[in-house]
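**Student:** how would this look folded up:
(one chain, ligands or ions: 1)
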Amino acid sequence: MFNALYLEKTDQGTRATRRGVEDGELDAQAADGDVVVRIAWSTVNYKDALAVTGRAPVVRKWPMVPGIDGAGVVESSTHPGFVTGDQVVLNGWGVGETHWGCLAQKARLKGDWLIKLPSGVTPREAMAVGTAGYTAMLCAIALERHGLERNGAEVLVTGAAGGVGSVAVSILSGWGYRVVASTGRPEEAEYLKQLGAAEVIDRTSLSTAGKPLQKERWAGVIDSVGSTTLANACAQARYRGVVAACGLAQGMDLPSSVAPFILRGVRLIGVDSVMCPRGDRQQAWDRIASDLDHGKLATMTGEIGLDDVIALAPRLLEGKVRGRTVVDVNR
Ligand code: NDP
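**Tutor:** Numbering: from 1, shown residues only. Okay, the predicted model is just below:
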């Protein structure tokens, strides 16, 4: 038996409980997994919050153990790449959506999905990073790949006090950019400055409709908000600026025009973490291990137990949770 968060579909919607699960049930539900991982830490991402509350159809198989991220130690493996005792990290691949996930003391996963924990990163830190942080790194690498030079250029991070945003501020400031953090929570200005923001702006300056082309400002943007915010970010991007889009906290729409793209050569790069190929994942985790400031990561990280996930999830969707939250699955 092991403890897990357990989601069931009822006439009233999603029911989330913590319960004991038999190993046999895990083996049956996740039969295609060839590595059993003793999970030590998990986390709550935006998508986990959607799954636990049932506010969006993230879960596509019932019952479900949620948890799109996990870090722990291999208990047993029939995959050639992993042996008992390996420390591993899992992000995405539909885990917690179509395959039983990591908000549990144990998970049966595919070895092809796992990354060996980079040296210098503890399992707890890997979950403080989580999908949100690894996505922030994918976005930062996308800015670099598309030519953003480290010459102190001004970059915008939207949804800055959230998970993706907090890690993005920390990475980009560490790389030497002048980071402007957009937030709806002015009370978090000091926190954002501690993470490395040079300036904090009110998100309402971006979240209401604006002109298709505006005064050029941003050499780069990491946007986790979408909708009008992303449209304005593109309209304010400098000539040949690079905008990495990964989220939809404001909305899934994009009320923009082609003007920034055809008149200023602005590059809009989409970033997906879930099915991201192994090579890019490994590169992101290597850069996290080498570049992420451990002190700043600790500043942005809260900790809860497995039970607490149920109460935290709706607060996260309301934008009330700061930074990242790790889950000690053993309490
Ligand atoms: P969080 O809830 O931690 O952060 C989201 C932040 O967005 C909030 O903290 C808030 O920041 C801002 N926000 C919330 N509501 C609004 C609104 N109505 N208008 C403007 N800003 C708003 O979530 P994450 O950082 O974990 O995820 C952010 C987004 O990125 C989500 O949409 C998620 O689905 C997506 N995502 C996508 C991935 C991918 O693979 N493409 C991977 C990971 C996440 P503030 O208070 O500072 O204004």
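**Student:** Quick one: name the residues of the protein near the ligand.
**Tutor:** Proximity of the chain to the ligand is assessed by Cβ under 6 Å from any ligand atom, with 45-47, 131-132, 135, 159-165, 183-185, 203, 207, 224-225, 229, 246-250, 271-274, 316, 319, 321 identified as the residues in range. All C-beta spots, glycine's among them, are computed from the backbone N, C-alpha and C.
**Student:** Make sure I have this right: Ala249 is in a helix.
**Tutor:** No: assessed by DSSP: H, G, I helix; E, B strand; the rest coil, Ala249 does not belong to a helix; its assignment is coil.
**Student:** so who does the nearest residue to it once chain neighbours are set aside touch?
**Tutor:** Distances taken as Cβ to Cβ, 6 or more residues apart in numbering place Val225 nearest to Ala249, at 4.8 Å, with adjacent residues excluded. If a contact means Cβ atoms under 8 Å, 6 or more residues apart in numbering, then Val225 has 158-159, 182, 203, 206-207, 247-250 as its contacts.
**Student:** now with 7 Å?
**Tutor:** Shown in contact with Val225 (Cβ atoms under 7 Å, 6 or more residues apart in numbering): 158-159, 247, 249-250.
**Student:** now the strands for the stretch 51-200 of the chain?
**Tutor:** With DSSP state E, counting those that start in this stretch, the ranges of strands along the stretch 51-200 of the chain come out as 69-77, 87-91, 106-109, 115-116, 154-157, 178-183, 199-202.
**Student:** Can you pull out the residues in contact with the longest one?
**Tutor:** Residues from elsewhere that reach strand 69-77 (Cβ under 7 Å, 6+ apart): 34-43, 45, 82-91, 102, 107, 111, 117, 123, 126-127, 130-131.
**Student:** swap in the second one?
**Tutor:** Counting by Cβ under 7 Å, 6+ apart, strand 87-91 makes contact with 37, 68-74, 82, 102, 109, 113-117, 123, 126, 131, 134, 273, all of which sit outside it.
**Student:** what does the fourth one give?
**Tutor:** With Cβ under 7 Å, 6+ apart as the contact definition, strand 115-116 has outside contacts at 86-89, 281-282, 285.
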